[in-house]
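Chemist: What follows is a predicted protein model with its sequence.
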Amino acid sequence: MSKKSTQRIPEGQHGVIPHLIVKNGAAAIDFYKKAFGAEELVRMPGPDGKSVGHSHLRIAGGHVFLADEFPGGGCRAPTSIGGTSVSLHMYVEDVDKAFDRAVKAGAKVMMPLADMFWGDRFGKLADPYGHEWSLASHVEDVPPEEMKKRGEKAMAEMAKKPH
């Protein structure tokens, strides 16, 4: 009897997969379904039988793992540590519609949508679980020299604003 070879990288899961740690994983999964149209592929209970030990979501064609925080195992949510240094970025067909959907689901606007110098319509949100998201639709192909000019102008304007 021959043994089937195990696939080292699961089908469709190439590249980096964010693994989000949250408080109240079940509610977070529901939020991501409402806000971003997430599809839940897997959910496994945590050691207490109630928390989310591991889940696998598909959002906009990409994969996201999610689990409840487990401080004893070194896994803590952004809300427990006072913020995050990571932002999740997602390109969508209609950023205005997607942004509005996320806000209606409970996300907070960190940076309103605007047309950016690099050719994207772009904005930033914070989800109720402490993670930051940027959403964009590419609306203009900007040649490198033009992007350089626009970028320099944008950075000069930004430098004038108080931090």
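Modeler: Here it is on my side, so go on. Numbering: from 1, shown residues only.

Chemist: what's around Y129, how many residues?
Modeler: Taking other C-beta atoms under 10 Å as the criterion, the count of residues near Y129 is 22. Heads up, the C-betas are built off the backbone N, CA and C, glycines and all.

Chemist: my read: Y32 touches G25, true?
Modeler: No. Applying C-beta atoms under 8 Å, one finds Y32 not in contact with G25, separated by 10.4 Å.

Chemist: Next, show the common contact partners of these two.
Modeler: L66 (C-beta atoms under 8 Å, 6 or more residues apart in numbering).

Chemist: Assumed S85 was part of a strand.
Modeler: No. Under DSSP: H, G, I helix; E, B strand; the rest coil, S85 sits outside any strand and is assigned coil.

Chemist: any idea how far stretch 151-163 is from the chain center?
Modeler: 26 Å (C-alpha atoms, centre = their mean, to the nearest Å).

Chemist: what about the residue nearest to V103 when sequence neighbours are not counted, which SS state?
Modeler: Among residues not flanking V103 along the chain, V109 sits closest, at 6.3 Å (C-beta to C-beta, 6 or more residues apart in numbering). Secondary structure assignment for V109 (three-state DSSP): strand.

Chemist: Check the average confidence over the lengthiest helix in the chain, would you?
Modeler: In terms of residue count, the longest helix belonging to the chain (DSSP state H) is helix 144-160. Across helix 144-160, the average pLDDT comes to 92.

Chemist: send the alpha carbons of it over as CSV?
Modeler: Taking only C-alpha atoms (Å, rounded to 0.1, in the frame of the first residue of the first chain), the coordinates of helix 144-160 have been written out as CSV:
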residue,chain,number,x,y,z
PRO,A,144,6.9,57.3,-12.0
GLU,A,145,8.1,60.9,-12.6
GLU,A,146,4.6,62.2,-11.9
MET,A,147,4.3,60.1,-8.8
LYS,A,148,7.6,61.5,-7.6
LYS,A,149,6.4,65.1,-8.1
ARG,A,150,3.1,64.4,-6.4
GLY,A,151,4.8,62.5,-3.6
GLU,A,152,7.2,65.4,-2.9
LYS,A,153,4.3,67.8,-2.8
ALA,A,154,2.3,65.6,-0.5
MET,A,155,5.2,65.1,1.9
ALA,A,156,5.9,68.9,2.0
GLU,A,157,2.3,69.5,2.9
MET,A,158,2.3,66.8,5.5
ALA,A,159,5.4,68.3,7.1
LYS,A,160,3.6,71.6,7.7
